[in-house]
Each structure stands twice: as C-alpha cells, then as structure tokens.
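1. okay, here's the prediction I keep looking at, along with the sequence it came from:
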Amino acid sequence: MNNREKLTSHPVPASAVALADFALRYFPRSASEQLRRWMRLNPDLQRRLAELHFQPRQRVLTPLQHEAVLRYLEEP
C-alpha cells in the first residue's frame, strides 16, 4: 500500500484514544490546544463531530470521532 492509499482509506480505529495523546502526533508542543484549534477551523469536521456527539471539553475521542479527525485532517 502506498502513502496515497494510506491517506484515502481510514479504517475505524479499534479503541478510544485520549485527545492529548492523539494531538501529540500532530503537535509535539501545546498539542491539545493546537489540535482543538484545527478542529474548530474545519467546518466539515465540526459537523461530523457534532453528528458523533463530540463535546468541546471532551478529553477522549471515541473510535468514530478519531476516524473523523483522521479523515478531515489526514495522518500527522
């Protein structure tokens, strides 16, 4: 599988992930706040997360929420 295929096929992750841990993959410094900012700036991602019952102060992403962030922001 090439890198392009990896970016376009996002299987649903098997488990929940702490938002802070996930954010560190994107932003080694101030990770959670930067990831939250990117999430807020993406209207399509905001809509999808709302459908998945994401709450602004939520600290752990469900597998489906995790998959949505990967889909809209791509892999770090």
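-> Sure thing, it's come through.

2. please count neighbours and contacts with C-alpha atoms only from this point.
-> Fine.

3. can you tell me the SS state at the residue most central in space within the chain?
-> A centroid search over the chain (Cα atoms, centre = their mean) returns residue 69, at 2.6 Å, as the residue closest to the centre. For residue 69, the assignment made with DSSP: H, G, I helix; E, B strand; the rest coil gives helix.

4. and it, what pLDDT?
-> Here the pLDDT value assigned to residue 69 is 92.

5. I figured it hits residue 45, correct?
-> Yes - Residue 69 lies in contact with residue 45 (Cα atoms under 8 Å); the separation is 6.9 Å.

6. which neighbours do those two have in common?
-> Listed as contacting both residue 69 and residue 45 by Cα atoms under 8 Å, 6 or more residues apart in numbering are residue 39.

7. show me where the protein has helices.
-> Counting by DSSP state H, the chain has these helices, from start to end: 3-8, 19-26, 31-40, 43-51, 63-73.

8. model confidence over the third one, on average?
-> Across helix 31-40, pLDDT averages out at 85.

9. next one: that helix to chain centre, how far?
-> Here helix 31-40 is found 9 Å from its chain centre; the criterion is Cα atoms, centre = their mean, to the nearest Å.

10. and among the helices of the chain, the most buried is which?
-> helix 63-73 (a mean of 19; mean count of other Cα atoms under 10 Å).

11. CA atoms only: put that helix into CSV for me.
-> Output of helix 63-73 as CSV, limited to C-alpha atoms (Å, rounded to 0.1, in the frame of the first residue of the first chain):
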residue,chain,number,x,y,z
PRO,A,63,-13.1,5.4,17.7
LEU,A,64,-15.5,7.0,15.3
GLN,A,65,-14.5,10.5,16.4
HIS,A,66,-10.9,9.5,16.0
GLU,A,67,-11.5,8.3,12.5
ALA,A,68,-13.3,11.5,11.6
VAL,A,69,-10.3,13.6,12.7
LEU,A,70,-8.0,11.4,10.6
ARG,A,71,-10.3,11.7,7.6
TYR,A,72,-10.6,15.5,7.7
LEU,A,73,-7.1,16.4,8.9
